[in-house]
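1. What follows is a protein structure lacking sequence information:
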């Protein structure tokens, strides 16, 4: 007959190993339909049914018994499924025997401990006092949220071990899907468990009743015997005999243990003496320990031991203790001297200074070590600053300025700015340096940088030490308890003015040393010997002064970051103001010298506008000068605008005007140089550029007239572009008085322009005008007796050719100059022709026709360059001539004029408007 269910199958056990009585959880399939269906459970061959608690068809909880086998299967037997199988095994661990004095790492679970010896076959739950399934039926967890349960049953709990246990909560949470029949079975199980508990307790009491009765009977018999004898206090009675026996036993015990007890008393006395010696061992070893710890640098240990000894033996009256404590005080006094020496030793770090001050404070050193340290640091910083100056003055540091082959100890402004970009006109502004050229930082710059390093490196720690002294953070907790913090704050308040004077002295010394190196004229005569002595050193240029300003500003910013009051740093601000003004003036003066040397760089190569590279070089030199002044003129917080000072404004404007005039003088000098005065070794022609005149040979040297035209073109460019650009740059960089600078510069360049223009006209117009009269009267020509005109005579053609030559010369340099120059030339020629016509007393008919032909031919040829004055001259000249009344004469005049224009058409083309660009040098 087949069974209704499959046999049990164990598929898992947790844990998989353990000692006897280990609680395990068995999981599998078909493990029974309830606790009554489970009839067998063995682990490693040991029957564990007594401790088994059925949880569900897939879970059983039990305890492993003391099986003989170390490893075995888990076999479950049920009524419904029969004998089961297992796919897993359990390993039984054999614990070692542990004596009563041996340590053990085993934790005994006292809450769930079950004693099989005292409760065997009793009705108490064999698993634990708190069974996990008190109803004994399968648990069916519900899906009701915990929060909803708490809201439904406020203040209650579903835990059956809790004082606020709610049975309803427990049933809803664990058996919400359980059938009514199962709940009836659960109620029956609860009743059985309660009955077994009551029966177990009663049986335990019944089992011990016989022992209680026997003890009671023995005590009652002794009581009756004593009462029947009535001899409790009679000599020889049982009670008396018992007392004597006990006394003899006590005496015998005393005799036996007297020697042992004596040795014990002696040992106790010896132990007490050793304890006393051990107690004061600290004091006796303290001098030697202090010496050792001092050598190792463990000052904290020494201080702690000293404080301990002082509290214990400071007021002792025991002579031995007094003697030892006096030696301790001697060692501590030597330590105070050592720490004070280390504190005042320089150089030292702020950390070490604070540490030594704290040590001395904890050792109750006399005086005020913190103030002594501050005073010593102040003197040391002053000495460092003075030594820095003496080191440079004595020549221990060798530093030279920028030297070139010419012995110039000052590089140009362009060189100082490191300008290497190529220029559109004339190539580089800088001539190549010789290979032997070398460059080092001047001594004054090195001195200021080192001096600033000294101040920035030392003064912050000096200020922080003072702040720590003021707020009392130099002291330890011991110092705070002893009241030294308040004492320190009081001393700091009293010495605040003294420290302020120290800071003032340090900043004043810094400023005076820098003034002595750079601005010796601002120092009193009696301080020059102490702070001066730099007269033989290299003169500094603007960029070096800018670097010094940057260094001093960095020093000022570093001190300001320490929150040092501004009134103590005002002397540094005053120094910065003087340095900025000095840098401005020096830069302007040096730029003047650089501009003077620009004339040496003139290569006479012009572009399509007739301009050489010189105006561009001058403009770039000025722009770079202004750029180099950007940092010195920059207004940092707390600084003032130096250009708003009236005296500085006037001097800067005066020097700027001087620079402009120097450049204009350079142009004038270039215009007056002879061919032999011009150095053309550096002149080169860029044949690859269409802007260059390809006919010019490498040995080209401009004539004096060409130089005049080039300088005139440069003057016009300066007036129209350069000076206006520079005015914008001056205003951009905050310069005042730019209108005055521009006005004076323009007036100067206009004066030079007029001077050069007149000189050129004089050189070119006078020969042409002077050739007219000899040409007119060549061959004994007579206006009163001449033949019928056949054309324009050669003298006029030669004059036109000369004018054309001037036109070509000017046009080659700058077409913008052509109208101005040609108008003046034509004006001179027209005036001369008018004078010559007016000097003729009378004309014949043919003479009048010849004169009118030549005047009209000349006027028409140069009509493009006639002005009011030249038109007036031609008009007066024609009015001097007799009028033509004959139509034949007028026709002849027109034919001859047309013939002249036709024959001279090619030559006269240059006088006509054209868009052809000139070819330039």
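-> Happy to help now that I have it. Keep in mind the model is a prediction, meaning the values are calculated, not measured.
2. Using the record, which stretches count as separate domains in this protein?
-> 9-92, 244-344, 443-579, 587-674+702-755, 778-910 (the TED database).
3. Distance-wise, check residue 865 relative to residue 216.
-> Counting by C-beta to C-beta, to the nearest Å, the gap from residue 865 to residue 216 is 164 Å. All C-beta atoms are positioned from the backbone trio N, CA, C, and that covers glycine.
4. the more surrounded of those two?
-> For residue 865 versus residue 216, neighbours defined as other C-beta atoms under 10 Å are more numerous around residue 865 (20 against 10).
5. any idea of the pLDDT on the more buried one?
-> Looking at residue 865, its pLDDT reads 85.
6. Could you find the closest non-adjacent residue to residue 822?
-> residue 865 (4.0 Å; C-beta to C-beta, 6 or more residues apart in numbering).
7. wait, doesn't that neighbour sit right on residue 911?
-> Yes - counting by C-beta atoms under 8 Å, residue 865 does reach residue 911; the two are 7.1 Å apart.
8. Would you mind giving the domains of the chain as CSV with distance to residue 225 added?
-> Listed next are the domains of the chain as CSV, based on distance: least, C-beta to C-beta, whole Å:
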stretch, distance to residue 225
domain 9-92, 50
domain 244-344, 18
domain 443-579, 77
domain 587-674+702-755, 116
domain 778-910, 161
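9. among these, which is nearest residue 172?
-> domain 9-92 (18.6 Å; C-beta to C-beta).
10. First-to-last residue distance for that closest one?
-> 21 Å (C-alpha to C-alpha, to the nearest Å).
11. Am I right that residue 10 is in a strand?
-> Yes - counting by DSSP: H, G, I helix; E, B strand; the rest coil, residue 10 falls inside a strand.
12. quick one, what contacts residue 736?
-> 643-644, 649, 652-653 (C-beta atoms under 8 Å, 6 or more residues apart in numbering).
13. Next one, pLDDT for it please.
-> On pLDDT, residue 736 comes in at 76.
14. Identify all contacting residues around stretch 183-191.
-> 34-35, 134-137, 171, 175, 178.
15. Stretch 631-641: which residues count as buried?
-> 631-633 (16 or more other C-beta atoms under 10 Å).
16. In terms of pLDDT, where does the spatially closest residue to residue 156 that is not a sequence neighbour sit?
-> Spatially, and ignoring its direct neighbours in sequence, residue 156 is nearest to residue 166 (3.9 Å; C-beta to C-beta, 6+ apart). Here, the pLDDT recorded for residue 166 equals 82.
17. Walking through the stretch 801-921 of the chain, point out its helices one by one.
-> 817-839, 845-861, 868-880, 887-903, 905-908 (DSSP state H, counting those that start in this stretch).
18. can you put these in JSON lines and add mean pLDDT?
-> Shown next, in JSON lines, are those (pLDDT from 0 to 100):
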{"stretch": "helix 817-839", "mean pLDDT": "86"}
{"stretch": "helix 845-861", "mean pLDDT": "85"}
{"stretch": "helix 868-880", "mean pLDDT": "88"}
{"stretch": "helix 887-903", "mean pLDDT": "84"}
{"stretch": "helix 905-908", "mean pLDDT": "75"}
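19. still on that earlier bit, quick one: which of the contacts of residue 736 is most hemmed in?
-> Counting by other C-beta under 10 Å, top hit in those: residue 652 with 23 neighbours.
20. For the helix or strand hosting it, name the packing helices and strands.
-> Using DSSP states H and E, residue 652 maps to helix 646-672. Secondary-structure packing of helix 646-672 (3 or more C-beta pairs under 8 Å, 6 or more residues apart in numbering; DSSP states H and E): helix 566-596, helix 613-628, helix 704-717, helix 738-776.
21. Skip ahead from the second one and say which helix or strand is next.
-> Using DSSP H and E, the helix or strand that follows helix 613-628 in sequence is helix 630-633.
22. Give me the mean pLDDT for that following helix.
-> Per-residue scores along helix 630-633 average to 81.
23. How about stretch 754-772?
-> Stretch 754-772 carries an average pLDDT of 85.
24. how far is that stretch from where the chain is centred?
-> How far stretch 754-772 lies from its chain's middle: 70 Å, per C-alpha atoms, centre = their mean, to the nearest Å.
25. Report the buried residues of it.
-> Buried, per 16+ other C-beta under 10 Å, within stretch 754-772: 756-757, 759-761, 764-765, 768-769, 771-772.
26. Quick one: residues in contact with that stretch.
-> 668, 671, 704-705, 708-709, 711-712, 715, 795, 798-799, 802-803, 806, 809, 820-821, 824-825, 828-829, 831-833, 836.
27. Any of the residues you listed buried? List them.
-> For those, buried by 16+ other C-beta under 10 Å: 668, 671, 705, 708-709, 711-712, 715, 795, 799, 802-803, 806, 809, 820-821, 824-825, 828-829, 831-833, 836.
28. In contact with the closest residue to residue 579 other than its chain neighbours, which residues are there?
-> For residue 579, ignoring the flanking residues on the chain, the nearest one in space by C-beta to C-beta, 6+ apart is residue 549 at 5.2 Å. Counting by C-beta under 8 Å, 6+ apart, residue 549 touches 576, 579-580, 583, 631-632.
29. In the helix or strand where residue 357 lies, which residues are buried?
-> In the assignment (DSSP H and E), residue 357 maps to helix 350-362. For helix 350-362, the neighbour count (16+ other C-beta under 10 Å) marks 353-362 as buried.
30. that older thread, let's have the buried residues of stretch 631-641 in JSON lines, adding distance to residue 146.
-> Shown next, in JSON lines, are the buried residues of stretch 631-641 (distance: C-beta to C-beta, whole Å):
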{"residue": "631", "distance to residue 146": "74"}
{"residue": "632", "distance to residue 146": "78"}
{"residue": "633", "distance to residue 146": "78"}
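31. ok, of these, which one's closest to residue 857?
-> Nearest member of those to residue 857, counting by C-beta to C-beta, is residue 633, at 64.6 Å.
32. Do I have it right that that closest one meets residue 580?
-> Yes - the criterion here is C-beta under 8 Å, and residue 633 meets it with residue 580 at 6.9 Å.
33. Identify the contacts common to the two.
-> residue 642.
34. Quick check: the residue lying closest to residue 655 once chain neighbours are set aside vs residue 518, distance?
-> Leaving aside its sequence neighbours, residue 655 sits nearest to residue 588 (C-beta to C-beta, 6+ apart; 3.9 Å). Residue 588 is 17 Å from residue 518, where distance means C-beta to C-beta.
35. Which one's more surrounded, the two?
-> residue 518 (25 against 19).
36. Excluding chain neighbours, what is closest to the more buried one?
-> Going by C-beta to C-beta, 6+ apart, residue 518 has residue 444 as its nearest residue, at 6.1 Å.
37. contacting residues around that neighbour?
-> Per C-beta under 8 Å, 6+ apart, neighbours of residue 444: 517-518, 534, 537-538, 540, 544, 548.
38. give me that answer again for 10 Å
-> Shown in contact with residue 444 (C-beta atoms under 10 Å, 6 or more residues apart in numbering): 392, 399, 401, 514, 516-518, 534, 537-540, 544-545, 548.
39. Check residue 15 too.
-> Counting by C-beta under 10 Å, 6+ apart, residue 15 has contacts 22-25, 64, 90-91.
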